[in-house]
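Novice: I would like to see how this sequence folds:
(one chain, ligands or ions: 2)
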Amino acid sequence: MAFLAIITAPDPRLKLKARPVGAVDDSVRRLMDDMLETMYRAIGIGLAAPQVGVARRVIVLDVAREGEPPQPLKLANPEILWRSGEVVTSNEGCLSLPEQYAEVVRPQAIRLRYLDYQNELREMEAEGVLATCLQHEIDHLNGVLFVDHISPLKRGMILRKLAKVKRSRATVAA
Ligand code: GNR
Ligand code: NI
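Specialist: Numbers count the residues shown, from 1 in each chain. Ligands and ions are numbered 1, 2, ... in the order given. Here you go, the predicted structure:
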C-alpha cells in the first residue's frame, strides 16, 4: 500500500475527462487500494483517481459514520443509469478544494452500473449521503468540481481564496 499525493485546485489535471479502464486487473486493484488508504488518511468519504493525478475512471468511497463498521466501496467505469426527480441539498467539501464548503443541489437517489474489485459488472441503487458522494466522485471523472454547481460569484470567491493560499505557500517555499 502507498499513500498518494492529492492534487488541489487550481490544477489543469482536475479539469480533464478521465478514460475508462479496460478491466479491473491487478494494477487497477492496487490503485483502488492506494486510493482508499489515501482517502482514509485525509479523512475523506470519497476519492476519484484524477485527484491523485491518474486520468482513469476509478473511484473509492466509504460513507460509514464514526463508530460504524467501515463500508469501503471501490468502483471502476461508474455510469449513472437513472436519477430521481427528487433533489436534496448537501453541504459539500472536496479534498481538492481544502477547507471550502458550499450547498450543492443534486438528485436524491441514483442507479448506476460499474465494474467491481473482481471485474464483475454490477448495478446498485444509492440514496442520501452515498448518492451525493457517488455523484461528486463521478463528476471528478468528467473534470467537474462541486463549485461548478454553484453560482459564479461563490465559485469565484472560493477559487480566488485557494489560488491566494497556493501563491503564499509558493512564496514561503521559494
Ligand atoms: O470528503 C469529502 N466529503 C464530502 C462531503 C460532501 C459531499 C461530498 C464529499 S466528497 C469529499 C472527498 C472528495 O473530495 N472526494 O472527491
Ligand atoms: Ni472531491
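Novice: Roughly how far does residue 138 sit from residue 163?
Specialist: Separation of residue 138 from residue 163 (C-beta to C-beta, to the nearest Å): 26 Å. The way it works is simple: take the backbone N, C-alpha and C, and place the C-beta from them, glycine included.
Novice: Comparing these two, which shows the higher neighbour count?
Specialist: Legend: neighbour count by other C-beta atoms under 10 Å for residue 138 and residue 163, higher for residue 138 (22 against 12).
Novice: List the buried residues in the host helix or strand of the more buried one.
Specialist: Of the helices and strands defined by DSSP states H and E, residue 138 is found in helix 128-141. Across helix 128-141, burial judged by 16 or more other C-beta atoms under 10 Å covers 129-141.
Novice: and what of stretch 5-19?
Specialist: By neighbour count on 16+ other C-beta under 10 Å, the buried set for stretch 5-19 is 6, 7, 8, 9, 13, 14, 18.
Novice: so what's residue 27 scoring on pLDDT?
Specialist: Note for residue 27: predicted pLDDT of 98.
Novice: same deal with residue 113?
Specialist: You'll see residue 113 listed with a pLDDT of 98.
Novice: what's the burial count for it?
Specialist: Look at residue 113: counted by other C-beta under 10 Å, it has 14 neighbours.
Novice: what angle separates the helix or strand that contains it from helix 128-141?
Specialist: Element membership for residue 113, per DSSP H and E: strand 109-115. Interaxial angle of strand 109-115 relative to helix 128-141 (axes from the mean of the first three to the mean of the last three C-alpha atoms, to 10 degrees): 50 degrees.
Novice: in strand 109-115, what counts as buried?
Specialist: Neighbour-count burial for strand 109-115 flags 109, 110, 112, 114, 115 (criterion: 16+ other C-beta under 10 Å).
Novice: Name the strands paired with that strand and say parallel or antiparallel.
Specialist: strand 73-83 (antiparallel), strand 121-127 (antiparallel) (DSSP bridges).
Novice: Strands of this structure, start to end?
Specialist: With DSSP state E as the criterion, the chain has strands at 46-48, 58-61, 73-83, 87-92, 102-107, 109-115, 121-127.
Novice: list the contacts for residue 97?
Specialist: By C-beta atoms under 8 Å, 6 or more residues apart in numbering, the contact set of residue 97 is 8, 9, 145, 146, 147, 158, 162.
Novice: switch to 6 Å and redo it
Specialist: residue 9 (C-beta atoms under 6 Å, 6 or more residues apart in numbering).
Novice: cool, and residue 146?
Specialist: Contacts for residue 146 were tallied using C-beta under 6 Å, 6+ apart; they are 92, 94, 104.
Novice: okay, now the residue nearest to it when sequence neighbours are not counted: neighbour count?
Specialist: Nearest non-adjacent residue to residue 146, counting by C-beta to C-beta, 6 or more residues apart in numbering: residue 92, 4.4 Å away. If you count neighbours by other C-beta under 10 Å, residue 92 ends up with 21.
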